[in-house]
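1. just need the structure, nothing else, for what follows:
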Amino acid sequence: PDALGADVAILGILGAIIGTISFSGSIIAWAKLDGRLNRSRLLPGQHLINAAVALATLAFTVAIYFATDLTPIIIFYVLALVLGIFITVPVGGADMPVIISLFNALTGLAVGFEGYVLGNAAMIIAGIVVGSAGSLLTHLMAVAMNRSVANVFFAGVGTDSGAAATGEQGEMKEIKAQDAGILMAFADQVVIIPGYGMAVAQAQHKIWELTQLLTDKGVSVKFAIHPVAGRMPGHMNVLLAEAGVPYDMIYDMEDINADFKKTTVSLVIGANDVVNPSAKNDTSSPLYGMPILNAMDSANVIVIKRGRGAGFSGVENPLFFADNTRMLFGDGQKAANELIHAVKEL
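-> So this is what the prediction gives:
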């Protein structure tokens, strides 16, 4: 340590802390995304625990300077790993996109710091690019979710305690693909709302094929995109562009919401939280305050969904139990293919 300048030592330590927190936090985020960790727990005194672990981590940065063996360094990294876990575990599914974007930014920051320590210009440039892009993405995600980063970390918003309060509100009503195809083929306007489930099923090409069939029958078809649909802003736009959907058929939330009241059918494929009316109507919901697509204002809503479970946030969706909603259960690509066959038979 004596051979290092103060700036190099400080940035090296900061890079180590930030990188380690991002590493363990990203593992927890992955576990939540993959369904391996479904519950979000906010322990009593969680924020005090986090503060204590953070202070202990900083204390061991000082101990490293006076260490004669590797013990303080090992403890330092263990504490930083634990801090990343403690920070991420309480965050509910509703806010996970913001956390993921933030870890992306922090990773870039850590790379930039370590690049300075190593005198590596490539690492510094890469860190600046990743850090700035991640920071912008975090800001966009937070604005789209009507959250602040501080609210995500310290308020425990989106945890299971709030999600459980919503409960089920009746029975989901199923519809067969043939009936759904008829309803859409004779509609004046159809609005398609894609979500992460469409990406998982890789159904975008089938959805575009369905769109072309409906357009040929004189149906006005539009795509409604929520800013946080998928796992990052623009995720759905990229998938639809890949499938060949013209840009003028794709509408942002602010531009399409007024159209739902004159929409015959809203087709929701793989989306859940972004069409959840609780975000507007239920002050006790973890989603309350998040802007949504007003699919519930449509005359009819058809939801393509793999099962009856809640969305990524763990919050039950009243839209799925509404009188004007019908559920088409199954894999997104398979369901879209069934709709294509149903429309072709008319």
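2. what ranges does this structure have for its strands?
-> Taking DSSP state E to define them, one finds strands in the chain at 189-194, 220-225, 250-252, 265-269, 300-305, 325-329.
3. of all those, which one is nearest residue 56?
-> Closest to residue 56 of the strands of the chain is strand 220-225 (Cβ to Cβ; 44.3 Å). C-beta here means a position set from N, CA and C on the backbone, and glycine is covered the same way.
4. out of the strands of the chain, deepest packed?
-> strand 265-269 (a mean of 29; mean count of other Cβ atoms under 10 Å).
5. centre of the chain to that one, how far?
-> Once both centres are worked out by Cα atoms, centre = their mean, to the nearest Å, strand 265-269 turns out to sit 20 Å from its chain's centre.
6. okay, now the sheet partners of that strand, with direction.
-> strand 189-194 (parallel), strand 300-305 (parallel) (DSSP bridges).
7. could you dump it to CSV, C-alpha only?
-> Extracted in CSV, the C-alpha atoms of strand 265-269 (Å, rounded to 0.1, in the frame of the first residue of the first chain):
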residue,chain,number,x,y,z
VAL,A,265,-59.9,-6.4,-28.9
SER,A,266,-56.7,-6.0,-27.0
LEU,A,267,-54.4,-9.0,-27.4
VAL,A,268,-52.0,-9.3,-24.5
ILE,A,269,-49.2,-11.8,-25.1
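8. tell me who's in contact with the spatially most central residue of the chain.
-> With the centre of the chain defined as its mean C-alpha position, the nearest residue by Cα atoms, centre = their mean is residue 97, 3.8 Å away. Neighbouring residues of residue 97 by Cβ atoms under 8 Å, 6 or more residues apart in numbering: 141, 145, 228, 231-232.
9. so where's the protein uncertain?
-> The model of the chain has pLDDT under 70 over residues 1-4, 38-42, 93-94, 154-169, 310-314.
10. and the helices in it?
-> Assigned by DSSP state H, the helices in the chain fall at 6-33, 46-65, 71-88, 96-118, 121-144, 149-154, 160-164, 177-185, 196-201, 204-216, 235-243, 253-256, 278-281, 332-344.
11. could I get those as TSV with distance to residue 265?
-> As requested, those are exported to TSV (distance: least, Cβ to Cβ, whole Å):
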stretch	distance to residue 265
helix 6-33	30
helix 46-65	44
helix 71-88	39
helix 96-118	28
helix 121-144	26
helix 149-154	35
helix 160-164	29
helix 177-185	5
helix 196-201	17
helix 204-216	10
helix 235-243	18
helix 253-256	14
helix 278-281	21
helix 332-344	11
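12. so which of the ones you listed is nearest residue 270?
-> helix 196-201 (2.1 Å).
13. need the contact partners of the closest one.
-> The contact list for helix 196-201, computed with Cβ under 8 Å, 6+ apart, reads 204, 207, 229-231, 235-236, 239, 269-272, 304-306, 312, 331-334.
14. which of those residues are buried?
-> Using 16 or more other Cβ atoms under 10 Å as the burial test, those include 204, 207, 229-230, 235-236, 239, 269-272, 304-305, 312, 331-333 as buried.
15. residue 134: what's it in contact with?
-> 101-108.
16. what's the closest of those to residue 194?
-> residue 101 (20.1 Å).
17. now do the closest one against residue 182, distance only.
-> Plainly put, residue 101 is 42 Å away from residue 182 if you go by Cβ to Cβ, to the nearest Å.
18. which one's more surrounded, the two?
-> More neighbours surround residue 101 than the other of residue 101 and residue 182, with 25 against 15 (other Cβ atoms under 10 Å).
19. is the more buried one in contact with residue 228, as I believe?
-> No. If you go by Cβ atoms under 8 Å, residue 101 and residue 228 don't touch, sitting 9.9 Å apart.
20. overlap in contacts of those two?
-> Residues touching both residue 101 and residue 228 by Cβ under 8 Å, 6+ apart: residue 141.
21. fine by me, thanks again.
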